[in-house]
Structure formats: structure tokens, C-alpha cells
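Enquirer: predicted model, plus sequence, below.
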Amino acid sequence: MSRSAHPAGPRYADVLPEGHYTAPPADLNQLDRTVWSQTVERGTEGAVTVGGMDVRQLAEEFGTPAYFLDEADFRARCRAWRDAFGQGADVFYAGKAFLSRAVVRWLYEEGLNLDVCSGGELATALEAGMPADRIALHGNNKSVDEITRAIEVGVGRIVLDSFQEIARVAHIAGRLGRRQAVQIRVTVGVEAHTHEFIATAHEDQKFGLALGRGTSQPEAGGGQAAEAVRRVLKLDSLELTGIHSHIGSQIFDMAGFEVSARRVVGLLTEIRDEHGVELPEIDLGGGLGIAYTPEDDPSEPHDIAKSLGDIVRRECESAGLAVPRLSVEPGRAIVGPTAFTLYEVGTIKELEGLRTYVSVDGGMSDNIRTALYDAEYSVALASRASEAPPMLSRVVGKHCESGDIVVRDAFLPADLAPGDLLAVPATGAYCRSMASNYNHALRPPVVAVKDGSARTIVRRETEEDLLRLDVG
Ligand SMILES: *Cc1c(COP(=O)(O)O)cnc(C)c1O
């Protein structure tokens, strides 16, 4: 997922990327269970339904484009993570994936905690009634206002990301007469994305304090992380509860977590040896992968919990440390698979011998991930079934950019026509939360569907919303 010279990514203008599937699926109408939320199926006339509601009726009522979120699936995923990790661990949902007041209430009811990384996310969480002690504040450059508000309301932890921030948080907590629980975010020199991880050379990034890289004070032993620990332990207004690490995104291979856990436990051992304290918590971050296409094969929370638990236990045993309380921070793995985006087809352009461009009524303003990361998605004709043969298609948006691609390569039925509805699954994470007003697009609503009823949880923007900010 590297960036390339072309703004649309390295595969732009290729016919098909090498190694990509070239054969259409046997049945275009079949909804592959791996990419759709649990209540999605085909109903009358082959139209897709979610939570018992037909997409044609949903489009009629809520318009397109729109995100439809399967509430039962969201809650089931929360419970699966909660149950898999059990009493000895905490699950923090990463709010940046998608946050709204309804989502905060579901998280609360299902027993999850919440990561926020801005004042806006914190305000949303508090407004929806999440107890502050179940909130963690993240970020590599939290403002004084953000830190002050977080300490005032009593967030459960602040994850410290730099030397300046250690001083800043300590000062603000001291002024408020508080002792704030904090973790130190370390860079373990592991970066993981999808199927491979790199165990070295990734300390060159803005997040965290490096385990291996020294400070400007060569007399102090260890790296930046060890120095951060020394500083925090000296400050009365901070209570160091643990070490935090987050290694990447859309990870399928647990080997990266294994290296990261080993390095974090290594630091806990150094801390015990140098300071005589055993820190009670470690946080291994999020980044667990989901299926965007049927080729992706994510692990179940139960297997992830077992594997992370085993790794931490083994490392602690060999270091002679008591096993700390573990936390994890899935964002995408909870909300990603729960929603699909519904679009209406506007125009269809056939480039003979190449492919067919299918333009929908949204695009990079509601899903930037294809343009930004070369993300892959799948797509299905949702308003009806079709027996027409497959046609190699590229689903594109309506924005003024040739990189405005929603689904780079997809097979759709050859009888596709303007007015048909297309559904793109697995758009629950990092789509609405990264949506923009490019071309003055009105950001789509998020509609929660459950047991035969649908309700808007984030409404569609209006021209009035746009113009309200434009003070003339
Ligand atoms: C983004 C992020 C997460 C969540 O990542 P996902 O890929 O959505 O699971 C968790 N922790 C931290 C610190 C993050 O920055």
C-alpha cells in the first residue's frame, strides 16, 4: 500500500493489476459472507436486504449515497471482542474509525471502552454519556485545551507521545490538583500492514517514543522510551500505568504483534530492573484486518485474543514478570464490516477492449480510501438480481479527479443500467469519518438498520449546512 507517482496509485490505468483475479465469480448475485454484515441477504426480486429492510425502500426513504449500518452486527462484534478478551483485558474501540452518539451508546451498553484522539471525539463521547474513566486520549500533538478538558473530566488514561507532552500533561494535571493515569506510547520498530510486517527500520515516523533510538543525553542509558519512563516516574502529577504500542493497520499476520509484545515486555523488564516497579498494563493497539474482498481472510476475535494472550504470557514468564493487564484497540475490525454504502448508477461508459466505467452519485468524498491507500473493495448490484454475463467494470465517483475511484476492478452484470443501486460492503470504518465536502458534496447520512426498522444516526448534510460555515 505504498504511495506512487500517480495520485490515483500505481495501478491506475492498468488493465488489471498483476496477481489480481481475472476470472469473474461463478455467480454475480451471490453475496460472499466474508464481506457483508450478518443480516445482509437477497430478498424479493433478488434485491439486497439488511436488518430485514429492502435497499430499494431504504434508497427511497433516505436517498443515495448513504451508509447503512447493521446495528445487530455491530453489537455482535462488540460482544465477540469483549467475550474473547474476557475479564483480564480491556477492549478500547478506536473512535476515529467511525464515531457518533449512537455508536458511543452501543459501545457503552456492550461493555467496551473508547479511544479518542481529538477534542471533537472526546466531546462526542462525553455528550453521549460514556463515563470518562472508560475513555483514553491519544494523539501525537494534543492541544493544551484538549489535555485540560480530558484531565478535568477525568479520562481513564492519556497516552503520552513526546517529551514535551510529558511536561505539558504533568503541568496541567498539577495545576488542576490531579494525578493523571498515563501510558507511554513506544515505537517498537515494527510496522505491519496486511500480510507482511517489517521488524526494523520503522522508527522513522511521527508517533511514539523509540525503544531503540537514543536521546540527546548520551549519559542516560536506553532509548527515548526508557528516558520517557524516567521522566514520568519523577512527576507527582502523573501515574505511569503502562506501555502502549500500535504497529499498523489491516494486519492479518500475528507475527508483528509477537515482535511488538516481546519488545514491550523487554521494556517492562528494564523498568523493573532500573526502578524496581512492575507496570500493571500493556496496550498492544489495534490494526486487526477485515475482509474488503472475498480474498481477505481475517481471524476471529477469539483466535486473536488467544494468540495475543499467549504471546504476552510467554514473554512475561520468561522475563519473570507478573502478567500485566492487556488492552487492545480495534476500530476497523468492529465497525468496518457492519456497513455498506449504497449508490445509484448515473452513467455507464464502455471503453471497448478495456473496461466499463460505471459512475455513481458519490465517490472520493464518501470513500477516500481507494484514492488514498489503493484500498480494494468489492461491489454488488443491489436493487435486483441479474442473469446477464459479467462485465469488467470500474466504479467511479462524480468528482473532478480521474483518481476518484470507488472500486478499481469489479465484475458487474452487463445489463447494468442507470437507476440501478450498487452496494459497496465493508465501508463502516474510515469512510464517513474521513468524508469531505470536496466539490461541495453533501456528506451522506449514516442509517442504522435493525429488526425491520431504520433510523438516521448521522443525517445527510444540506446546502444550508454548507452555507452556514461560509460567512460571506
Ligand atoms: C488507528 C488506531 C487504532 C485502530 O486501528 P484499526 O486499524 O481501526 O484497528 C488503534 N489504536 C491507535 C493508537 C490508533 O492510532
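Expert: Cool, the structure landed.

Enquirer: so the closest residue to the ligand within the stretch 1-150 of the chain bridges to which residues?
Expert: Using C-beta to the nearest ligand atom, the single residue of the stretch 1-150 of the chain nearest to the ligand is A94, 3.4 Å away. (Each C-beta comes from the backbone N, C-alpha and C, glycine too.) For A94, the beta-bridge partners under DSSP bridges are D115.

Enquirer: that one contacts S327, correct?
Expert: No - using C-beta atoms under 8 Å, A94 is not in contact with S327, being 11.5 Å away.

Enquirer: looking at the two, which one has more neighbours?
Expert: Neighbour count, other C-beta atoms under 10 Å: between A94 and S327, A94 has more, with 27 against 22.

Enquirer: residues in contact with that one?
Expert: D115, G286, E329, P330, G331, R332 (C-beta atoms under 8 Å, 6 or more residues apart in numbering).

Enquirer: OK, contacts around R179?
Expert: Contacts of R179 by C-beta under 8 Å, 6+ apart are A173, D236, S237, L238, E239.

Enquirer: closest to L137 out of those?
Expert: A173 (12.3 Å; C-beta to C-beta).

Enquirer: out of the contacts of A94, which are inside helices?
Expert: Using DSSP state H, R332 are the members of the contacts of A94 that sit in helices.

Enquirer: of the contacts of A94, closest to H275?
Expert: H275 lies nearest to E329 out of those, by C-beta to C-beta, at 26.3 Å.

Enquirer: okay, that closest one: pLDDT?
Expert: At E329, the pLDDT value in this model is 98.

Enquirer: isn't it up against G286?
Expert: Yes - between E329 and G286 there is a contact under C-beta under 8 Å: 3.8 Å.

Enquirer: tell me the strands beside the helix-or-strand element of the chain with minimal mean pLDDT, with direction?
Expert: Least confident helix or strand, the chain: strand 196-198 with a mean of 71, by mean pLDDT, DSSP states H and E. Here strand 196-198 has these sheet partners by DSSP bridges: strand 191-194 (antiparallel).

Enquirer: who are the packing partners of the longest helix along the chain?
Expert: Criterion DSSP H: the longest helix present in the chain is helix 255-275. Other helices and strands packing on helix 255-275, by 3 or more C-beta pairs under 8 Å, 6 or more residues apart in numbering; DSSP states H and E, are strand 180-187, strand 191-194, strand 196-198, helix 224-233, strand 238-244, strand 281-283, helix 301-319.

Enquirer: next, format the ones you listed as TSV and append mean neighbour count.
Expert: Below are the helices and strands packed on helix 255-275 laid out as TSV (neighbours: other C-beta atoms under 10 Å):
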stretch	mean neighbour count
strand 180-187	25
strand 191-194	21
strand 196-198	16
helix 224-233	21
strand 238-244	22
strand 281-283	24
helix 301-319	17
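
Enquirer: out of those, which gets nearest to L209?
Expert: L209 sits nearest to helix 224-233 of all the helices and strands packed on helix 255-275, at 4.1 Å, using C-beta to C-beta.

Enquirer: which residues does the closest residue in space to S307 that isn't next to it in sequence contact?
Expert: The shortest distance from S307 to any non-neighbouring residue, by C-beta to C-beta, 6 or more residues apart in numbering, is to M254 (4.9 Å). Counting by C-beta under 8 Å, 6+ apart, M254 makes contact with S299, I304, S307, L308, I311.

Enquirer: how about the helices in the stretch 351-472 of the chain?
Expert: 369-373, 463-469 (DSSP state H, counting those that start in this stretch).

Enquirer: so does the shortest one get close to the ligand?
Expert: No - residues of helix 369-373 are not located near the ligand by C-beta under 6 Å from any ligand atom, the shortest gap being 11.6 Å.

Enquirer: distance between that helix and the chain's centre?
Expert: 14 Å (C-alpha atoms, centre = their mean, to the nearest Å).

Enquirer: can you spell out which helices and strands pack onto it?
Expert: Packing partners of helix 369-373 (3+ C-beta pairs under 8 Å, 6+ apart): strand 405-413.

Enquirer: what parts of this protein come near the ligand?
Expert: Contact residues (C-beta under 6 Å from any ligand atom) of the chain with the ligand: 94, 96-97, 115, 138, 246, 249, 285-288, 329-333, 429.

Enquirer: closest residue of the stretch 151-300 of the chain to the ligand?
Expert: Counting by C-beta to the nearest ligand atom, the stretch 151-300 of the chain gets nearest the ligand through G286, at 3.0 Å.

Enquirer: what is the neighbour count of that residue?
Expert: G286 has 24 neighbouring residues, counting by other C-beta under 10 Å.

Enquirer: so it is in contact with R332, correct?
Expert: Yes - between G286 and R332 there is a contact under C-beta under 8 Å: 7.4 Å.

Enquirer: can you map out the strands along the stretch 351-472 of the chain?
Expert: 355-360, 380-381, 390-396, 405-413, 421-425, 446-450, 453-458 (DSSP state E, counting those that start in this stretch).

Enquirer: so where do the strands sit in the stretch 51-200 of the chain?
Expert: Under DSSP E, counting those that start in this stretch, the stretch 51-200 of the chain gives strands at 53-54, 66-70, 89-94, 113-116, 135-137, 157-160, 180-187, 191-194, 196-198.

Enquirer: quick one: the last one to chain centroid distance?
Expert: In terms of C-alpha atoms, centre = their mean, the centre of strand 196-198 is set 19 Å apart from its chain centre.

Enquirer: R459 versus L308, what's the distance?
Expert: In this view, L308 and R459 are 38 Å apart by C-beta to C-beta, to the nearest Å.

Enquirer: K450 now?
Expert: With the distance defined as C-beta to C-beta, K450 ends up 18 Å from R459.

Enquirer: of these two, which one has the most company?
Expert: A count of neighbours by other C-beta under 10 Å puts K450 above the other of K450 and R459, at 19 against 13.

Enquirer: quick check, the more buried one in contact with E71.
Expert: Yes - here K450 reaches E71: they are 4.0 Å apart, a contact under C-beta under 8 Å.
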